[in-house]
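S.K.: Quick one, fold the following:
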Amino acid sequence: MKRSAVAVVAVVLAVLAAVVVLWPRGVEARPHLAESGGLRFELTPTSTRSGSNEFDLRITDRSGNAADGDVTVEPAMPQMGHALAPITAAPQAPGRYRVMGVDLFMAGQWEITVSLRSERVVIPLLLT
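M.R.: Below is the predicted model of the structure:
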C-alpha cells in the first residue's frame, strides 16, 4: 500500500513539474525599435498574445524631435499568407500615436509595417 501511495505522489509531482516547464509563456510586451533613413520608430504592443491588440507608437527624427503626419500600420504574417488592411494610427501627442483594435488572430511571427510620409519600416512581432 505504501509503495502505491509513493508512486501516486511521484506521478503527481512529475505532472506538476511538466506543466510548469511546458506552460506557454507570453513574451514580454516591450518596445520594438526600427529606423529608416530619417526616422526612428518605437512600437510597443499592449500584449504579445494572439487576439485583439493595441500598439503605442513613438516616432522621432534622428535628433529626437517628434515626427508628425499620417501614420499607417499594416500587420502581416507572410509565412501563413495573412495580411490585414492598413490601419490609420490615432495621434495622441506630438510624435505619439495609438493603434487600437488590431486582430492578430494567430500565434507566430507577425511583421508590422509602419509608414509615415515616405518612410517605412517593418517591425517583427512574435505572438504566443
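S.K.: CA only for contacts and neighbour counts going forward, please
M.R.: Noted.
S.K.: low pLDDT regions in the protein?
M.R.: 1, 9, 14-28 (pLDDT under 70).
S.K.: Follow the chain on from the helix or strand hosting residue 11 and name the next helix or strand.
M.R.: Taking DSSP states H and E as the criterion, residue 11 maps to helix 2-22. Next along the chain after helix 2-22, taking DSSP H and E as the criterion, comes strand 32-35.
S.K.: ok, that next one: who's next to it in the sheet?
M.R.: strand 39-45 (antiparallel) (DSSP bridges).
S.K.: pull the CA atoms of the partner strand into PDB?
M.R.: Only the C-alpha atoms of strand 39-45 are listed here, as PDB (Å, rounded to 0.1, in the frame of the first residue of the first chain):
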ATOM      1  CA  LEU A  39      13.100  58.400 -38.600                       C
ATOM      2  CA  ARG A  40      13.200  56.200 -35.500                       C
ATOM      3  CA  PHE A  41      10.100  54.100 -34.800                       C
ATOM      4  CA  GLU A  42       9.300  52.600 -31.400                       C
ATOM      5  CA  LEU A  43       6.300  50.200 -31.400                       C
ATOM      6  CA  THR A  44       5.000  48.900 -28.000                       C
ATOM      7  CA  PRO A  45       2.200  46.300 -28.100                       C
END
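S.K.: ok, residues contacting that strand?
M.R.: 29-35, 53-62, 67, 119, 121, 123 (Cα atoms under 8 Å, 6 or more residues apart in numbering).
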